[in-house]
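In: Sharing a model prediction with you, sequence too.
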Amino acid sequence: MNIGFVGLGIMGRPMALHLVKGGHSLRVSARRPEAMTPLTQAGATACSSPAEAARGSEVIFTMVSDTPDVEQVVLGPGGVAEGAAPGSVVVDMSTISPVATRAMAAKLAEKGIEMLDAPVSGGDVGAINATLSIMVGGKPEIFAKVKPLFELMGKNIVHIGANGAGQVAKACNQIVGAVVLESVAEALTLARKNGVDPARVREALLGGYAWSRMLELHGGRMLSRDFKPGFRARLHRKDLRIAVETAAALDIGLPQTALVAQHLNALVGMGLGEEDSAAVVKVIEHASGVKG
Amino acid sequence: MGRPMALNLIKRGHELSVWARRHDAAQPPVDAGAAYCASPAEVAQRSEVVFTIVTAGKDVEEVALGEAGIIHGARPGTVVIDCSTIPPATTRRISAELQVAGVDLLDAPVSGGEPGAIAGTLSIMVGGKREVFERMQPLLGCVGKTLVYVGESGAGQVAKACNQLALVVAIQGIAEAAVFARANGVDFQPVWAALTKGLAASRMLDLIGPRMMQRQFDAGVDARLHHKDAHIVLQCAQESKTYVPGAALAAEAFNALMNLGDERRWDSAAIVKVMEEMSGFPARGL
């Protein structure tokens, strides 16, 4: 299949390479030209713009940072929409606003271009090992068409619903994960401040109703003080900002989500945005007068 | 909770004397061979070890130290194992008074709910003298599976407070995600299915998520207890000067839940109703 791929960062590069290895013909575009080198070495064609990458492609993937970036590479000057033919499919795998995604899908539909939102979870390790979880929004028949390509990049591939539903699922994932992370940080600090060994408390909690993957993984990191990323606090903060902004756009109150978003702001303010988001425990500890 | 725990002790061959505020609540263990007593003091007279599992701190004080309380029937060397969830400070005070009479108290709050109590798979967090814990381990093993000695008197209650903090905050997080999906016009079922496989996975998501989807809000009776426990968490945080804003928000959500009809019937999944009503559902037609 002729495929366009826009955005070759830490996630996009290994994902695009899996598509090349799967026997597909790729036209790639990236903000930094040197990011394209590993792909051209593997046989992909370097393009000067997203529009160029889209020309002649049946499916065009985008994998960039944030909502304005996707809007830029899809609808901006020299964007995918300028080069894509009617009947082609734009698949955005970035994590961005569901509201903006729905608006973008509507604009592309006016030109006869289909869109799927397909944000991923699993980080750069998942991208390299092709084990990403992929949450997809869009028409079922378009999902079916692109599914073989998703299978080259990920393992747990779920069609959630209409356009934007993939981004909604990703936001829900970030909401629940972040709030559980906050609860783990508070619980372990409450134990410490009461003179009780947080390691024993974690062990006890893992055996009961309070079990969570965050308690297991991030709770462990908080105890061993291992804050190497992982998932950088800075990026976690961006994902929560999407949730909080979407809540404002839809007039819904998400107090816990907003609270964690503020704590991640504070963590970045402490100069720790490059640490794993488990470091949010430092905000709790700092306010609780725990040293070190 | 107390009934299935007592039955598990009988099943393992122990001789039980029981007392309950509501006489009929003691019927199943009595049918299984337990002796019914007129007071906690009488239970203590007949026992080497006395388990207590009641609702609040004042209830434990009553059965342990009250007029017909355990202290009036217990001999020096008797061990009291309190499985209730109460403030750590209350536990320490009761422990000190019992100690004067030569009675050892273990605080041994449990997690795992009624299914865990029936299956004998509760997680038990224990505070008190280590030597007493070690002696009591075989008995605790009759009612629970994960037995963790946390530290001196009150440490079990601190661990339970941490447990409840983690639960109530996680429940509200799940409710927020459900509201978020609904406001976006997305069915929560496939979202929930995707979440259970990733980093957001938790036992609460497994248990409470489906109840939120099926709008089955009276499957358990946990809301009233979580409401009580959330305030124990805040009390414990205030005394120890710990910053727990997530717990405070969750405690407020449980306060609000107590205003939505018959509080005794609510399962904690009903927190999603609080979050929905706060944002104008279903009046907005979402």
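Out: Noted; the coordinates are in hand. Residues are numbered from 1 along each chain as shown, chains lettered A, B, ... in the order given.

In: What segments of the stretch 1-150 of chain A are strands?
Out: A:2-6, A:25-29, A:45-46, A:59-62, A:89-92, A:114-117, A:120-121, A:132-137 (DSSP state E, counting those that start in this stretch).

In: Residue 191: neighbour count?
Out: I went with chain A, as the question did not name one. Residues within reach of residue A:191, counting by other C-beta atoms under 10 Å in any protein chain shown, total 29. Just so you know, the C-beta spots here come from the backbone N, C-alpha and C atoms, and that holds for glycine as well.

In: not what I meant, chain B
Out: For residue B:191, the count of nearby residues is 30 (other C-beta under 10 Å).

In: so where's chain B uncertain?
Out: For chain B, the stretches with pLDDT under 70 are B:263, B:286.

In: the longest strand in chain A is where?
Out: Of all segments of type strand in chain A, defined using DSSP state E, the longest is strand A:154-161.

In: Grab the nearest non-local neighbour of the residue nearest the centre of chain A.
Out: Centroid-nearest residue in chain A: residue A:95, 4.2 Å away (criterion: C-alpha atoms, centre = their mean). Of all residues beyond its chain neighbours, the one nearest residue A:95 is residue A:119 (4.5 Å), with distances taken as C-beta to C-beta, 6 or more residues apart in numbering or on different chains.

In: Any buried residues in the longest strand of chain A, and which?
Out: A:154, A:156, A:157, A:158, A:159, A:160, A:161 (16 or more other C-beta atoms under 10 Å in any protein chain shown).

In: Residue A:140 versus the last one, what's the distance?
Out: Right, the one you point to is residue A:161. 9 Å (C-beta to C-beta, to the nearest Å).

In: What is the burial count for residue B:48?
Out: Residue B:48 has 13 nearby residues by other C-beta under 10 Å.

In: With residue A:267 instead?
Out: A count of nearby residues for residue A:267, using other C-beta under 10 Å, gives 23.

In: what about it, which helix or strand?
Out: In this assignment (DSSP states H and E), residue A:267 forms part of helix A:255-269.

In: next one: residue B:150
Out: Assigned by DSSP H and E, residue B:150 belongs to strand B:144-151.

In: Can I get stretch A:97-108 in CSV, CA atoms only?
Out: The C-alpha atoms that make up stretch A:97-108 are tabulated as CSV, following Å, rounded to 0.1, in the frame of the first residue of the first chain:
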residue,chain,number,x,y,z
SER,A,97,-8.3,17.1,22.0
PRO,A,98,-11.4,15.0,21.1
VAL,A,99,-13.3,18.2,20.3
ALA,A,100,-10.6,19.4,17.9
THR,A,101,-10.5,15.9,16.4
ARG,A,102,-14.2,15.9,15.6
ALA,A,103,-13.9,19.3,14.0
MET,A,104,-11.0,18.2,11.9
ALA,A,105,-12.8,15.0,10.8
ALA,A,106,-15.7,17.2,9.7
LYS,A,107,-13.4,19.5,7.6
LEU,A,108,-11.7,16.5,5.9
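
In: which parts of that stretch are buried?
Out: Neighbour counts over stretch A:97-108 (16+ other C-beta under 10 Å) mark A:97, A:98, A:99, A:100, A:101, A:102, A:104, A:105, A:108 as buried.

In: filter the residues you listed by proximity to chain B?
Out: residue A:98 (C-beta under 8 Å from any C-beta of the partner chain).

In: Tell me which of the buried residues of stretch A:97-108 fall in helices.
Out: Cross-referencing those against helices under DSSP state H gives A:98, A:99, A:100, A:101, A:102, A:104, A:105, A:108.

In: Would you reformat those as JSON lines and include pLDDT?
Out: Below are these laid out as JSON lines (pLDDT from 0 to 100):
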{"residue": "A:98", "pLDDT": "96"}
{"residue": "A:99", "pLDDT": "95"}
{"residue": "A:100", "pLDDT": "96"}
{"residue": "A:101", "pLDDT": "98"}
{"residue": "A:102", "pLDDT": "97"}
{"residue": "A:104", "pLDDT": "98"}
{"residue": "A:105", "pLDDT": "98"}
{"residue": "A:108", "pLDDT": "98"}
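
In: Which member of those residues is positioned nearest residue B:115?
Out: Nearest to residue B:115 among these, counting by C-beta to C-beta, is residue A:98 at 36.4 Å.

In: in terms of contact, does the closest one touch residue A:164 like I think?
Out: Yes. At 4.1 Å, residue A:98 and residue A:164 qualify as touching, with contact defined as C-beta atoms under 8 Å.

In: count of residues packed around whichever residue of the stretch 51-200 of chain A sits closest to chain B?
Out: Across the stretch 51-200 of chain A, the shortest distance to chain B (C-beta to the nearest C-beta) belongs to residue A:179, at 2.8 Å. Counted with other C-beta under 10 Å, residues neighbouring residue A:179 total 32.

In: give me the element it is part of.
Out: helix A:165-193.

In: quick one: that helix to chain centroid distance?
Out: What separates the centre of helix A:165-193 from the centre of its chain is 16 Å, taken as C-alpha atoms, centre = their mean, to the nearest Å.

In: which of the residues in that helix are buried?
Out: Here helix A:165-193 shows A:165-193 as buried, counting by 16+ other C-beta under 10 Å.

In: Contacts only, for the residue in chain A sticking out farthest from the centre.
Out: Residue farthest from the centre of chain A, counting by C-alpha atoms, centre = their mean, is residue A:195 at 38.2 Å. Neighbouring residues of residue A:195 by C-beta atoms under 8 Å, 6 or more residues apart in numbering or on different chains: residue B:151.

In: Remind me which helix or strand it belongs to.
Out: Per DSSP H and E, residue A:195 falls between elements, in no helix or strand.

In: got a pLDDT number for it?
Out: pLDDT for residue A:195: 96.

In: gap between residue A:271 and chain B?
Out: 20 Å (C-beta to the nearest C-beta, to the nearest Å).

In: Which strand or helix spans that residue?
Out: Going by DSSP H and E, residue A:271 is not in any helix or strand.

In: ok, it - how many residues close by?
Out: By the measure other C-beta under 10 Å, the count of residues near residue A:271 is 8.

In: Phi and psi next, for it.
Out: For residue A:271, the backbone dihedrals (degrees, to the nearest 10) come out as phi 80, psi 20.

In: repeat for residue A:244
Out: The phi/psi pair for residue A:244 (degrees, to the nearest 10) reads phi -70, psi -40.

In: show me what contacts it?
Out: For residue A:244, the contacting residues are A:254, A:257, A:258, A:261, by C-beta under 8 Å, 6+ apart.
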